[in-house]
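Engineer: just to be clear, the model below is a prediction. Sequence and coordinates:
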Amino acid sequence: MHPLHERLTERLPEGLELASNVVSTEEVAIQAPEAIRLRCVAMGIEYLDKAPDFSPDAVALIDADRAVRLGIVPLQIESRYLLVAMEDPFQLASVDEVAGVVRRPVKRVGLTRGAFRDLLRRAYGTTAARMAESLGGQEDAAEEAEHNLDAIEADDIHRMAEQPTLINLVNLLLLEAIQTRASDVHIEPFESELKVKYRIDGVLIEQPPPPKQLQAAIIGRIKIMAHMNIAERYVPQDGHIALRFEGRKVDIRVSTVPTIYGESIVMRILDKSNLSLDLRSLGMSDTHRRAMDRLVEKPHGLLLVTGPTGSGKTTTLYAALSQLYDPRKKIITIEDPVEYELNGINQIPVNPKRGLTFATGLRAILRQDPDVILVGEIRDRETVDIAIRSALTGHLILSTLHTNDALSSTGRLIDMGAEPYLVASVLEGLLAQRLGRRICSHCRVQAPLGEDLSVRIRPDERELFVNGGFAGAGCEECKGSGFRNRVGFYELVRMSAALRAAVSESKTPAELRRVVGDDFVSMRQDGMLKAAHGITTVTEVLRATQDLDEG
């Protein structure tokens with residue numbers, strides 16, 4: 001055995017082996033990060049856990065496209081060589097290519113994956129924006145192109161969209177969105193520019209725009225990736241992109257609509273690694289969690305989660321399902337679309353083009369002998385009727401509804417044609433929710449409430465903030481925003497005998513509120529309590545719940 005191979009083998013973590021036919025240091029076959037660290041130590045190559053400083057002059061020697069492709073970031077220009085950082089310093093083909101480009105020897109430094117990606121972002125900034133700028137060409141060309149988008153043929157768009165640099169640009173645009181924890185990417189065409197926005201923690205943040213003349217090629221590339229009809233530009237389309245990022249699967253739902261200046265695209269990023277299937281981490285209080293536990297343990301009935309689009313209803317239901325999962329139970333979902341794959345649960349995607357709607361799917365599910373059924377959304381009379389009948393015949397039904405608050409859900413079901421007495425008999429619980437931004441835990445500080453906020457809250461709420469509120473000062477972890485991730489504001493209603501009687505008489509939400517009792521905690525009250533504990537800010541609570549009648 002080669003001496004180096006013997007030394008490394010002794011230090012490798014359990015379960016990791018080297019190739020047995022190693023005869024030189026250049027032929028050691030290692031993939032694991034810890035093994036790379038050990039090999040660097042053995043070879044005398046510095047290996048760092050934190051991204052080092054770099055020289056802008058050195059970074060300028062290698063363009064962003066090449067740096068991402070080769071996995072190399074230049075650090076310093078020394079007298080005889082170029083010092084570079086690499087996640088894997090033993091990718092010798094990459095080292096040779098850089099040495100050929102800069103015309104000098106290359107000295108390597110190893111970095112952990114997290115440190116390397118942080119260095120890459122710091123060194124090249126918004127990589128996709130820089131690539132777009134280099135692709136853009138002259139402003140005159142942009143002015144000429146912006147008036148001729150309709151005249152571009154589908155074959156021309158396809159040819160532009162297949163250019164390697166354009167492909168890298170779109171890939172990097174998606175990569176940056178995933179790295180910044182964006183939930184959506186918006187590409188919006190206007191008369192003289194193409195706007196790109198990332199929705200991060202529920203707020204749209206505009207990015208440096210690519211040149212207008214790249215509009216057709218960028219949109220065409222995205223449509224090719226989503227398996228859409230690239231020649232159809234005047235009808236809305238939906239598609240799907242599946243990609244792998246850092247070893248995990250990321251699904252992207254793509255939607256296009258025609259506007260007067262071209263197609264507007266929204267890409268919804270469904271990153272399972274960011275999905276928390278625990279009600280505590282979603283921000284639900286202990287009281288609400290205990291009540292939810294009792295509701296999902298019921299053998300039959302209807303549990304509704306309500307709120308506007310994007311308020312986290314599906315995530316809450318997923319968390320409830322993960323808690324419900326038991327190999328002895330048959331759990332089936334029907335969703336539009338299936339946002340995340342859940343182990344051990346049968347998930348059915350709605351497909352209206354083939355006749356599979358919520359109503360037809362739910363009817364078929366009942367023949368599968370299920371114990372628990374999740375219906376992605378109740379949106380018509382037929383689905384309401386089948387859901388109610390299912391709950392009456394011994395099934396637990398979980399579903400969502402679009403209403404402003406929990407108690408409005410009863411009136412919404414009745415408006416869709418359900419009999420009030422049936423609604424009253426099958427409903428077990430109503431959960432309404434909104435989402436607000438969570439204060440970054442790394443830079444949270446106490447802050448005075450301010451006169452403008454004090455006048456917007458009620459006297460009983462002001463008592464929670466006698467010592468002021470909290471805010472995020474802004475740091476590297478939250479990219480200076482003061483917020484990181486989101487938290488839910490909830491209100492939960494469990495059906496009682498008095499409430500069932502009021503629902504069967506079609507009482508209004510205001511009348512139902514009086515029946516619920518004084519222990520009812522509204523979304524706004526829940527949010528204010530979280531603001532008082534430094535989880536979020538008063539401004540976020542008011543923004544998320546301002547459309548609710550607290551009277």
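Structural biologist: Nice, thanks for sending it over.
Engineer: tell me which residue is most central in the protein.
Structural biologist: With distances taken as CA atoms, centre = their mean, the residue of the chain nearest its centroid is Ser183 (3.5 Å).
Engineer: tell me the buried residues in the longest helix belonging to the chain?
Structural biologist: Longest helix in the chain, counting residues (DSSP state H): helix 164-179. Across helix 164-179, burial judged by 16 or more other CB atoms under 10 Å covers Leu166, Asn168, Leu169, Val170, Asn171, Leu172, Leu173, Leu174, Leu175, Glu176, Ala177, Ile178. Yep, even glycine has a C-beta here, placed from its N, CA and C like the rest.
Engineer: likewise for stretch 448-462?
Structural biologist: Of all the residues in stretch 448-462, those buried under the rule 16+ other CB under 10 Å are Leu449, Leu453, Ile457, Glu461.
Engineer: and the last one, what is it in contact with?
Structural biologist: The neighbourhood of Glu461, defined by CB atoms under 8 Å, 6 or more residues apart in numbering, consists of Met528.
Engineer: please give the element, helix or strand, for it.
Structural biologist: Taking DSSP states H and E as the criterion, Glu461 maps to helix 459-462.
Engineer: hmm, back to that, now the residue lying closest to the residue nearest to the centre of the chain once chain neighbours are set aside: phi and psi?
Structural biologist: Computed as CB to CB, 6 or more residues apart in numbering, the closest residue to Ser183 that is not its neighbour in sequence is Arg199, at 5.1 Å. With angles defined as degrees, to the nearest 10, Arg199 sits at phi -90, psi 110.
Engineer: quick one on the thing from earlier: summarise which helices and strands the longest helix of the chain is packed against.
Structural biologist: Packed against helix 164-179 by the contact rule (3 or more CB pairs under 8 Å, 6 or more residues apart in numbering; DSSP states H and E) you find helix 64-70, helix 127-136, strand 182-189, strand 194-200, helix 215-225, strand 237-245, strand 262-271.
Engineer: could you dump these into a markdown table with mean pLDDT and distance to Leu529 added?
Structural biologist: Below are the helices and strands packed on helix 164-179 laid out as a markdown table (pLDDT from 0 to 100; distance: least, CB to CB, whole Å):
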| stretch | mean pLDDT | distance to Leu529 |
| --- | --- | --- |
| helix 64-70 | 80 | 45 |
| helix 127-136 | 58 | 40 |
| strand 182-189 | 94 | 25 |
| strand 194-200 | 94 | 25 |
| helix 215-225 | 91 | 42 |
| strand 237-245 | 87 | 36 |
| strand 262-271 | 92 | 30 |
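Engineer: that older thread, how far does the helix holding Glu461 sit from the chain's center?
Structural biologist: 35 Å (CA atoms, centre = their mean, to the nearest Å).
Engineer: list the pairing partners of the helix or strand that it is followed by within its sheet, with orientation.
Structural biologist: Per DSSP H and E, the first helix or strand lying C-terminal to helix 459-462 is strand 469-472. Pairing partners of strand 469-472, with direction, according to DSSP bridges: strand 444-447 (antiparallel).
Engineer: tell me which residues are up against the partner strand.
Structural biologist: The contact list for strand 444-447 (CB under 8 Å, 6+ apart) reads Asn467, Gly468, Gly469, Phe470, Ala471, Gly472, Ala473, Gly534.
Engineer: give me the beta-bridge partners of the spatially closest residue to the first one that is not a sequence neighbour?
Structural biologist: Read it as Asn467. In space, and not counting its chain neighbours, Asn467 is closest to Gln446: 7.3 Å by CB to CB, 6+ apart. With DSSP bridges applied, Gln446 shows beta-bridge pairing to Phe470.
Engineer: before we move on, back to that, using PDB, write out every CA atom in the longest helix of the chain.
Structural biologist: Extracted as PDB, the C-alpha positions of helix 164-179 are listed here (Å, rounded to 0.1, in the frame of the first residue of the first chain):
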ATOM      1  CA  PRO A 164     -24.600  28.000 -23.600                       C
ATOM      2  CA  THR A 165     -24.100  31.400 -21.900                       C
ATOM      3  CA  LEU A 166     -27.800  32.100 -21.900                       C
ATOM      4  CA  ILE A 167     -28.500  28.700 -20.400                       C
ATOM      5  CA  ASN A 168     -26.000  29.500 -17.600                       C
ATOM      6  CA  LEU A 169     -27.600  32.900 -17.100                       C
ATOM      7  CA  VAL A 170     -31.000  31.400 -16.400                       C
ATOM      8  CA  ASN A 171     -29.500  28.600 -14.300                       C
ATOM      9  CA  LEU A 172     -27.700  31.200 -12.200                       C
ATOM     10  CA  LEU A 173     -30.800  33.300 -11.800                       C
ATOM     11  CA  LEU A 174     -32.600  30.200 -10.300                       C
ATOM     12  CA  LEU A 175     -29.500  29.300  -8.300                       C
ATOM     13  CA  GLU A 176     -29.400  32.800  -6.700                       C
ATOM     14  CA  ALA A 177     -33.100  32.700  -5.900                       C
ATOM     15  CA  ILE A 178     -32.800  29.300  -4.100                       C
ATOM     16  CA  GLN A 179     -29.700  30.500  -2.200                       C
END
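Engineer: between it and strand 194-200, how big is the angle?
Structural biologist: Orientation of helix 164-179 against strand 194-200 (axes from the mean of the first three to the mean of the last three CA atoms, to 10 degrees) gives an angle of 30 degrees.
Engineer: what mean pLDDT does helix 164-179 have?
Structural biologist: Helix 164-179 shows a mean pLDDT of 84 in the predicted model.
Engineer: what is the helix or strand that contains Met528 packed up against?
Structural biologist: Here Met528, judged by DSSP H and E, is contained in helix 523-532. Where contact means 3+ CB pairs under 8 Å, 6+ apart, helix 523-532 is packed against strand 427-439, strand 469-472, strand 483-494, helix 538-545.
Engineer: buried set for the last one?
Structural biologist: To tie it back to what came earlier, the one meant is helix 538-545. By 16+ other CB under 10 Å, the buried positions in helix 538-545 come out as Val538, Thr539, Glu540, Val541, Leu542, Arg543, Ala544, Thr545.
Engineer: what is the mean pLDDT for that helix?
Structural biologist: So the average pLDDT for helix 538-545 ends up being 92.
Engineer: for it, packing partners?
Structural biologist: Helices and strands touching helix 538-545, by 3+ CB pairs under 8 Å, 6+ apart, are strand 427-439, helix 451-454, strand 483-494, helix 523-532.
Engineer: pretty sure Asn229 contacts Lys223?
Structural biologist: Yes: using CB atoms under 8 Å, Asn229 makes contact with Lys223 at a distance of 7.5 Å.
Engineer: mutual contacts of those two, please.
Structural biologist: Going by CB under 8 Å, 6+ apart, residues that sit against Asn229 and also against Lys223 are Gln237.
Engineer: could you report the separation of Val493 from Ser522?
Structural biologist: Going from Val493 to Ser522 by CB to CB, to the nearest Å gives 10 Å.
Engineer: again, but for Ala231
Structural biologist: Taking CB to CB as the measure, Ala231 falls 51 Å from Ser522.
Engineer: rewinding a little: from the buried residues of stretch 448-462, which is closest to Ile205?
Structural biologist: Leu453 (23.4 Å; CB to CB).
Engineer: now do the contacts for Pro370.
Structural biologist: Applying CB under 8 Å, 6+ apart to Pro370 gives the contacts Lys330, Ile331, Ile332, His395.
Engineer: test my guess that the first one contacts Ile373.
Structural biologist: Same thing as Lys330. No: assessed by CB under 8 Å, Lys330 is found out of contact with Ile373, at 9.3 Å.
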